[in-house]
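K.L.:
Give me the fold of what follows.
(chains A and B)
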Protein chains: 2
Amino acid sequence: MAKNIGRQSVKFEKDIYIKCACATVGTKEGDGPLGKYFDRVLEDNLNGAVSWEEAESSIIKENVEMLMKKADMKNSEIDYIVSGDLLNQCCASTYGLRETEIPFLGVFGACSTMGEAMSIGSMIIESGAAQNVIAGASSHFCSAEKQFRFPLELGNQRPPTSTWTVTGAGAVVLTDKKENDAPIIEGITTGKIIDMGITDANNMGAAMAPAAVDLILNNFRDLGIDEDYYDLIITGDLGYVGKDITIKMLREKGYDISGKYTDCGIEIFDRDKQDTHSGGSGCACSAAVFSAYFYEKIKKGELKKVLFIPTGALMSPTSVQQGESIAGIAHGVMIRTK
Amino acid sequence: MAKNIGRQSVKFEKDIYIKCACATVGTKEGDGPLGKYFDRVLEDNLNGAVSWEEAESSIIKENVEMLMKKADMKNSEIDYIVSGDLLNQCCASTYGLRETEIPFLGVFGACSTMGEAMSIGSMIIESGAAQNVIAGASSHFCSAEKQFRFPLELGNQRPPTSTWTVTGAGAVVLTDKKENDAPIIEGITTGKIIDMGITDANNMGAAMAPAAVDLILNNFRDLGIDEDYYDLIITGDLGYVGKDITIKMLREKGYDISGKYTDCGIEIFDRDKQDTHSGGSGCACSAAVFSAYFYEKIKKGELKKVLFIPTGALMSPTSVQQGESIAGIAHGVMIRTK
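P.N.:
All right, here's what the predicted structure looks like:
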């Protein structure tokens, strides 16, 4: 039985293994500093499709197929797939996964989706309802720009606080079947919706940072730990702007994580050469960077304990146009080397 | 520990009680045959808000507040809230629940959301990660028409196969703390994405019926039961068109559920007097009808065993415009009298 600890955290009794992880990314991500770690880099961001939406679905589909090959498993062995994306009505996942014949739980946590999917997947396994669960998330720069901002053809300028939506997908197989080298999810901390009144849709880092801070504080308090417990704390897509805010806000609360903290949005692009301003974002940012890069580091023991915190901005173009503030959420997954 | 049975089903070891249920609906739903059962009928579908989206959020917010009062619980006693809606990026839930300070898991299952939320909530409780979970869903006729079809001001005609999105919200408190009279969730069957190639966005019943049929067949097969096991099978929002298809398709498979089967979309409106064509739909259709009407019937023992199956059409205006077919999904929840 899982142990509910404090207000927002859970420690699992079972060893929940991340048996396998797989990531596909677009061309720009392939050109970035983590390019060599991804399982696949697209040659063409349209991936043979006729629309950006179809392209995103095809990336999810092929990434899950690749994951199954890597894991040497058949779809029929997977009890549930928990997945989501940024498109209206989560259509990238729907169309990408419709042929899998795997019981499907669609989730929406904006760019925190990978954290939410891994959290739900872990609890399902802990409950005994499943042995093997896939957790995944995706995003696509072109489908996201089209939907959330402006048509690409318009060639709009982007402010320095803006981030660049990652094209790609990341997915993992979670299992309670003993795996010798696989990283283990030892617990989770589930985020609340945090709304600090930010209304600038070009500054998602500022909108999400308070949610990341709240998550980290609750993780520390619930478990009676501090930053020393972890080798690394990894947020999802706060970028440079959000990372600075997070460090500053936590310092005010008495914690200095600056020496052991990074953000997937900062890792994935080269700040000087790739012109992505504040960094990468999108569900695939944390999903792909974790699945390809940090997963392997934990597996090899280069990182022994990490707190992985995908972060999401809960908003829609309609809500922004109506003057609503942008709420943030973050979902923390505590992962350790076997 | 939950028992994973067959491909898609789970039986819980714990008694997972539906401690309390609460439903709010709009004026039209209040005028319908179930009007007297709802906890609250709005006087004005805008509910004091300045937009339909804000109205939907306010309905969720106030319905959860009412649920907490009925359950005599504080928000701090709720471990998770699992909720979703039809709006782009699930914004109705985000803004409706941002002040709850409850760890939040956003889900998207289109109109099957209530079934998905109850399923995830049950598994979370079974895992030990939570004692009390709220599962909920909402929709609003005006925000849905605006987003999925035409501006209301256009006064478009609706084809006979179309359904009427229910305005409202339904939510339940799930708990493993012993409750004397509360209905119990004994198991779940989680749906796969089923796509039979329907492309008519005005015929959701036909798009979703195959998913309901697949769910029922898998529930029967996984558990080695048939329609005799239940007093009633209740689908979400197939309406008259989808209900007929479901009965017909199941007959072809050797099951006759016609004598013990209904659909929330048929129950909620008066076919002759309310001009809603094929019936009600939307996340709130199954969520509100279950929470207000069937919940009480099970609690009183008038129904001893039911299979509650919210049904969803996985599509977006973009996917329909691009010629994509409409995929369906259904999530089954097995509920029995204490």
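K.L.:
What strand or helix carries A:Leu174?
P.N.:
Secondary structure assigned from DSSP states H and E places A:Leu174 in strand A:168-175.
K.L.:
other SSEs contacting that strand?
P.N.:
When contacts are defined as 3 or more C-beta pairs under 8 Å, 6 or more residues apart in numbering or on different chains; DSSP states H and E, strand A:168-175 sits against strand A:9-25, helix A:52-71, helix A:113-127, strand A:132-139, helix A:283-289. The C-beta positions use only the backbone N, C-alpha and C, and glycine is treated the same way.
K.L.:
now do 6 Å
P.N.:
Strand A:168-175 is packed against strand A:9-25, helix A:52-71, strand A:132-139, helix A:283-289, with contacts defined by 3 or more C-beta pairs under 6 Å, 6 or more residues apart in numbering or on different chains; DSSP states H and E.
K.L.:
Out of these, the one nearest chain B is which?
P.N.:
If you check each of those against chain B by C-beta to the nearest C-beta, strand A:9-25 wins as the nearest, at 4.3 Å.
K.L.:
Could you pull out the buried residues of that closest one?
P.N.:
Residues of strand A:9-25 classed as buried under the neighbour-count rule (16 or more other C-beta atoms under 10 Å in any protein chain shown) are A:9-12, A:14-25.
K.L.:
likewise stretch A:62-71?
P.N.:
The neighbour-count check on stretch A:62-71 (16+ other C-beta under 10 Å) flags A:62-64, A:66-68, A:71 as buried.
K.L.:
related to what we said a few turns ago, could I get the helices and strands packed on strand A:168-175 as JSON lines with mean pLDDT?
P.N.:
JSON lines is the format used below for the helices and strands packed on strand A:168-175 (pLDDT from 0 to 100):
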{"stretch": "strand A:9-25", "mean pLDDT": "98"}
{"stretch": "helix A:52-71", "mean pLDDT": "98"}
{"stretch": "strand A:132-139", "mean pLDDT": "98"}
{"stretch": "helix A:283-289", "mean pLDDT": "98"}
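K.L.:
can you redo those as TSV with distance to B:Lys273?
P.N.:
Formatted as TSV, the entries for the helices and strands packed on strand A:168-175 read as follows, by distance: least, C-beta to C-beta, whole Å:
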stretch	distance to B:Lys273
strand A:9-25	50
helix A:52-71	41
strand A:132-139	46
helix A:283-289	46
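K.L.:
how many degrees apart are the strand holding A:Leu174 and helix A:52-71 in direction?
P.N.:
Counting by axes from the mean of the first three to the mean of the last three C-alpha atoms, to 10 degrees, strand A:168-175 lies at 40 degrees to helix A:52-71.
K.L.:
Convert the C-alpha atoms of strand A:168-175 to CSV, please.
P.N.:
Listed next in CSV are the C-alpha coordinates belonging to strand A:168-175 (Å, rounded to 0.1, in the frame of the first residue of the first chain):
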residue,chain,number,x,y,z
GLY,A,168,8.6,15.5,-30.2
ALA,A,169,7.2,12.9,-27.9
GLY,A,170,8.5,11.0,-24.9
ALA,A,171,7.1,7.9,-23.3
VAL,A,172,8.1,5.4,-20.6
VAL,A,173,7.0,1.9,-19.6
LEU,A,174,6.3,1.6,-15.9
THR,A,175,6.2,-1.9,-14.3
